[in-house]
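Chemist: Sequence first, then the predicted structure, then my questions.
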Amino acid sequence: ARARAGAGRSLAFLLPTQGMAQLAVKVLSLTVKTASKPLANQFQAYMLSHPFVRGKAIEGAQVLHKWNVSLSRASQDKKGKAFVGKLSDEKAMGIASKFLSETFIYVVAGGLLLYEYDRGNKREEKKKEEKEKRKKRKETKQLEHLQRQDIFQKGVLQRLERLESLEKERSVGRGRRWW
């Protein structure tokens, strides 16, 4: 029995704790963030290899180019409309591929952020529930204590009344002396 108890204590460090779980989640999220760049490149290559997606990517890149020129002109306080020529398919594909890879990385980072936020909310909710349980247990104990005190007080009052009635009987009995 002693050897078994010692073995249990020596392996206690292997049991996951809340801190270790948090560390594991942080390491996992860092790994996903690190791996997202190569994954983004693979995603980009896969998406752009399909003709339909390739055409839509070129169209999107043309729109992004127009927005970029418009924003650049607005930031330089240039007024009026300017002619924005179409990009070559090669340049449009470059912009589209960069946009797709950056969007993928952004979505991965946003997903991890939402996961962390949700996990934190669940942790806070669990803490709140535990606090409520402790509060209810404390209130229950206090109520039980008050009920025991009430029962004790009633017992004391009953005994006091009994003593008072016995004392009255005794004093009445003394008043009737036969001699």
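Modeler: That came in fine, so what should we check first?

Chemist: Got the phi and psi for D77?
Modeler: phi 60, psi 30 (degrees, to the nearest 10).

Chemist: what does the one 4 residues further on give?
Modeler: Here the main-chain torsion angles of K81 (degrees, to the nearest 10) amount to phi -90, psi 150.

Chemist: if I look at K168, how far off is E102?
Modeler: As for K168, its distance to E102 is 98 Å (criterion: CB to CB, to the nearest Å). For the C-beta atoms, the positions are set from N, CA and C on the backbone; glycine is no exception.

Chemist: repeat for A45
Modeler: 15 Å.

Chemist: Quick one: list the elements packing against whichever strand or helix holds E169.
Modeler: Using DSSP states H and E, E169 sits in helix 89-175. Other elements packing on helix 89-175 under the criterion 3 or more CB pairs under 8 Å, 6 or more residues apart in numbering; DSSP states H and E are helix 18-48, helix 51-75.

Chemist: Quick one: closest of the ones you listed to E130.
Modeler: E130 lies closest to helix 18-48 among the helices and strands packed on helix 89-175, at 12.5 Å (CB to CB).

Chemist: helices and strands around the closest one, which ones?
Modeler: helix 51-75, helix 89-175.

Chemist: Check the offset of that helix from the chain's centre.
Modeler: 20 Å (CA atoms, centre = their mean, to the nearest Å).

Chemist: With stretch 72-88 instead?
Modeler: With CA atoms, centre = their mean, you get 45 Å for stretch 72-88.

Chemist: That stretch: which residues count as buried?
Modeler: L87 (16 or more other CB atoms under 10 Å).
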